[in-house]
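A.B. asks: test case, fold it:
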Amino acid sequence: MRARKSRLLAAGGLAALAAGVYAAISIAGPVSLTNVPGANTRSQGFSPATALSPELQQTAVAQGSTKVENPVLATISYYGYDNDLLNLANEPIMVGSSATGNKEAHKTEPDKNTYLVFKKGLQGADLNYDYGTHFLFQGHEGGSPGFITRINLDADAQHRVTVLATKDDQGNNIATIDGSTWDPWARKLLFTTESASKPTYSATPGYPSIVHDVSGALGRGGYEGIQDDSDGNIWIVEDIGGAFKPAGCVSPGCTTAKIPHSYVYRYIPKTPGDLANGKLQVLQVFNASNQLITEATQTALMSPDQVALHTFGSVFDTQWKTIHDTAVDGTTPFNANSLAAGVGTPFKRPENGLFQPGSKFKTFFFDETGDTDATSPENACCGGWTGVFKLMQSDPSAASGKLTLFYKGDQAHAGFDNVAFFTKSQIAFVEDAGDTLHGQRNALDSGFLFDANADYSSGLQPLRFLAEGRDASATDDADNGGYPASPGGKNDGDNEITGIHVSDGDPDENGILGARDPNAFKGDWRVFYTQQHGDNTTWELTESK
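C.D. replies: Residues are numbered from 1 along each chain as shown. Below you'll find the predicted structure:
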């Protein structure tokens, strides 16, 4: 019965649901999961539990109220809270109420996870303690300043979370962080900040971490997803939302469709691991007339280029264009988005991407989050709901390639953000649809599993393995505007799925994501995600007993 259920369709678009239309689902690969039939609903004061495929269970490895082993009393004492608003006991106010003037401490929102195993272990704040060998790293997306944490997965409660750094090697406060990965050639973590004015960082994994601004070579932008390939190149997916269409409109004349404004980049170091000398390139996509698709060609509502990009079966030629070379342009930090404008092809908020295992780093999947609004006129045609693209090249350093649409979203599958391969043929995307779309569709976020080799042009839909709930803290924030502290609310509402991550933790070159075939939940392969906002809990997914 369970095997049969695993082949059933996850719920499709609203029209299909109303008509009772379902298509068979077939997810190739050794991970066999039962479809969760629907997303959790969203309503005032309602805090539903997360629903998982019955083959799965989850365990919290840290949560916002987990005290860090080395409090930075002026700023951080707990994994998911700033010390910007303390009670009389000098503890951050985690739950707003009338007694606190409807205010609470700023939640720091631990974001993308990076799992690493170091056979010799790593040092922590307690020089007399053995922290083990298994570690999970995050940057934090909210609060001030930004900071980097390490969850010591083998440690006891008192040593569970270490604050690795709040300042860089020049004494500057770290900016809030979004994406992360491990560069095995540099032997450093890489962190992105999703801001064109803030640094891209490298960081050592031990305590205290040495954090360095590497945006003189890698640039600055709305960077989020970041990933190495087997040649030592670094691929970066950017997320800066564009202006509302039509271009130059003045409210209330604007639509909720946004102009594509975000790019896909590739950094080619002089030698693998060199984060100071190299070239930054932007992806170019050419239409059927061999004309470059730019922001200018996509400013009109439902522009032909956007429609074509989001049409199944269309194949586009791509090239990489160098926009910055340290040997020519120097090492002053620069705005990559500005340099890419007019010479690169922007997408509708691409956020993350991964290489397909077994492809020898020739196949790269990346997603568009889209407009995250059910009223966008570009939802059906142009990536407003979400889109997933597949870029194929002859090798990871190739100058050209082919781009195709892998999946086009609908109201029930929207706002894709983080991505992970469970196996070489099974790829997971998780939603970040946001409070507005949650309310419009009466559905919270979900995680979906796709067959990476399947054809989704005929209405085939992915399997839902995770229907995220909403913890009481997030529900409280959603209902009360994040407990405003003048001049406005400072905490997000509904929980978000972020940091979905499958890895065996190998820190060497053959351990980069995509280098070997993963097998989620088996052997050394571990699966993590963070239920961001609210209680800010980081979970490990395992097979149910």
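A.B. asks: for Ile497, give the beta-bridge partners.
C.D. replies: Gln531 (DSSP bridges).
A.B. asks: surely it is in contact with Asp445?
C.D. replies: Yes: in this structure, Ile497 is within contact of Asp445 by Cβ atoms under 8 Å, at 5.0 Å. Every C-beta, even on glycine, is put in place using the N, C-alpha and C of the backbone.
A.B. asks: shared neighbours of the two, anything?
C.D. replies: Residues touching both Ile497 and Asp445 comprise 430-432, 468, with contact defined as Cβ atoms under 8 Å, 6 or more residues apart in numbering.
A.B. asks: show me the residues you listed that map onto helices.
C.D. replies: Among the shared contacts of Ile497 and Asp445, no member falls in helices (DSSP state H).
A.B. asks: from the residues you listed, which two are the most distant?
C.D. replies: Among the shared contacts of Ile497 and Asp445, the pair separated by the greatest distance (Cβ to Cβ) is Asp432 and Glu468, at 10.3 Å.
A.B. asks: these two - which one has more neighbours?
C.D. replies: Between Asp432 and Glu468, counted using other Cβ atoms under 10 Å, the more crowded position is Glu468 (27 against 21).
A.B. asks: tell me the confidence at the closest residue to that one other than its chain neighbours?
C.D. replies: When the adjacent residues along the chain are set aside, Glu468 lies closest to Asp445, with 4.6 Å between them (Cβ to Cβ, 6 or more residues apart in numbering). Per-residue pLDDT puts Asp445 at 98.
A.B. asks: report the central residue of this protein.
C.D. replies: In the chain, the C-alpha nearest the mean C-alpha coordinate belongs to Asn418, at 3.6 Å (Cα atoms, centre = their mean).
A.B. asks: now for the host helix or strand of it, which elements pack on it?
C.D. replies: Secondary structure assignment for Asn418, by DSSP states H and E: strand 416-423. Applying 3 or more Cβ pairs under 8 Å, 6 or more residues apart in numbering; DSSP states H and E, we find strand 416-423 packed against strand 350-355, strand 363-368, strand 426-431, strand 496-503, strand 526-532.
A.B. asks: what about the stretch 1-150 of the chain, any weak spots by pLDDT?
C.D. replies: 1-29 (pLDDT under 70).
A.B. asks: which residues of it fall in helices?
C.D. replies: Ranges of helices in the stretch 1-150 of the chain, per DSSP state H, counting those that start in this stretch, are 2-5, 14-19.
A.B. asks: and for the stretch 351-500 of the chain?
C.D. replies: 434-441, 472-479.
A.B. asks: give me whichever of those helices is most buried.
C.D. replies: Of all the helices of the stretch 351-500 of the chain, helix 472-479 has the most neighbours on average by mean count of other Cβ atoms under 10 Å, namely a mean of 21.
A.B. asks: distance of the residue nearest to the centre of the chain from Thr50?
C.D. replies: As for Asn418, its distance to Thr50 is 16 Å (criterion: Cβ to Cβ, to the nearest Å).
A.B. asks: ditto for Asp169
C.D. replies: Noted for Asp169: a distance of 39 Å to Thr50, by Cβ to Cβ.
A.B. asks: those two: which is more packed in?
C.D. replies: Taking other Cβ under 10 Å, Asp169 and Thr50 do not tie; Thr50 has more neighbours (21 against 15).
A.B. asks: for that one, which residues are in contact?
C.D. replies: With contact set as Cβ under 8 Å, 6+ apart, Thr50 has these partners: 40, 58, 466-469, 531.
A.B. asks: now Asp517
C.D. replies: Counting by Cβ under 8 Å, 6+ apart, Asp517 makes contact with 357-358, 423-424.
A.B. asks: show me which pair in those residues is furthest apart.
C.D. replies: Gly358 and Thr423 (9.5 Å).
A.B. asks: the more surrounded of the two?
C.D. replies: For Gly358 and Thr423, the more surrounded residue by other Cβ under 10 Å is Thr423, and the numbers stand at 22 against 18.
A.B. asks: need the contact list for the more buried one.
C.D. replies: Shown here is Thr423, whose contacts under the criterion Cβ under 8 Å, 6+ apart are 29-31, 357, 517-520.
A.B. asks: list the beta-bridge partners for it.
C.D. replies: When bridges are called by DSSP bridges, Thr423 pairs up with Gln426.
A.B. asks: can you map out the strands along the stretch 201-350 of the chain?
C.D. replies: Remark: strands of the stretch 201-350 of the chain, listed N- to C-terminal, are 201-203, 211-213, 223-228, 234-238, 264-269, 278-286, 315-325, 350-355; assignment by DSSP state E, counting those that start in this stretch.
A.B. asks: can I get the fifth one as PDB, trimmed to CA atoms?
C.D. replies: It refers to strand 264-269. Taking C-alpha atoms only, strand 264-269 is exported to PDB below (Å, rounded to 0.1, in the frame of the first residue of the first chain):
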ATOM      1  CA  VAL A 264      23.500  33.600 -12.600                       C
ATOM      2  CA  TYR A 265      27.300  34.000 -12.200                       C
ATOM      3  CA  ARG A 266      30.400  31.900 -12.400                       C
ATOM      4  CA  TYR A 267      33.700  32.800 -10.700                       C
ATOM      5  CA  ILE A 268      36.800  31.300 -12.300                       C
ATOM      6  CA  PRO A 269      39.700  31.500  -9.900                       C
END
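A.B. asks: direction included, what does it pair up with?
C.D. replies: Here strand 264-269 has these sheet partners by DSSP bridges: strand 234-238 (antiparallel), strand 278-286 (antiparallel).
A.B. asks: dump the last one to PDB, restricted to CA.
C.D. replies: This means strand 278-286. What follows is strand 278-286 as a C-alpha-only set of coordinates in PDB (Å, rounded to 0.1, in the frame of the first residue of the first chain):
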ATOM      1  CA  GLY A 278      40.000  35.500 -10.900                       C
ATOM      2  CA  LYS A 279      37.200  36.300 -13.300                       C
ATOM      3  CA  LEU A 280      33.500  36.800 -12.600                       C
ATOM      4  CA  GLN A 281      31.200  35.900 -15.500                       C
ATOM      5  CA  VAL A 282      27.500  36.300 -16.000                       C
ATOM      6  CA  LEU A 283      25.200  33.900 -17.900                       C
ATOM      7  CA  GLN A 284      23.900  35.000 -21.200                       C
ATOM      8  CA  VAL A 285      20.900  33.400 -22.900                       C
ATOM      9  CA  PHE A 286      20.000  34.000 -26.600                       C
END
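A.B. asks: sorry, back to before: and the pLDDT at the residue nearest to the centre of the chain?
C.D. replies: Predicted confidence (pLDDT) for Asn418: 97.
A.B. asks: try the one 10 residues further on
C.D. replies: Taken from the predicted model, the pLDDT recorded for Ala428 is 98.
A.B. asks: thought Trp235 was touching Glu224?
C.D. replies: No: judged on Cβ under 8 Å, Trp235 makes no contact with Glu224 at a distance of 11.7 Å.
A.B. asks: those two: which is more packed in?
C.D. replies: With neighbours defined as other Cβ under 10 Å, Trp235 and Glu224 compare such that Glu224 has more, 28 against 24.
A.B. asks: leaving out chain neighbours, which residue sits closest to Asp400?
C.D. replies: Residue 400: Ser, not Asp. In space, not counting the residues next to it along the chain, Ser400 is nearest to Gln319; the distance is 5.0 Å by Cβ to Cβ, 6+ apart.
A.B. asks: go on, Thr498?
C.D. replies: According to Cβ to Cβ, 6+ apart, the nearest residue to Thr498 is Gln532 (4.6 Å).
A.B. asks: could you do Ala308 as well?
C.D. replies: For Ala308, the nearest residue in space outside its immediate sequence neighbours is Ser314; the separation is 5.5 Å by Cβ to Cβ, 6+ apart.
A.B. asks: return the most buried member of the strands paired with strand 264-269.
C.D. replies: For those, where neighbours mean mean count of other Cβ under 10 Å, the stretch averaging the most is strand 234-238, with a mean of 27.
A.B. asks: quick check: angle from that strand to strand 416-423?
C.D. replies: With axes from the mean of the first three to the mean of the last three Cα atoms, to 10 degrees as the basis, strand 234-238 and strand 416-423 are set at 140 degrees to each other.
A.B. asks: tell me the mean pLDDT for strand 234-238?
C.D. replies: When pLDDT is averaged along strand 234-238, the result is 97.
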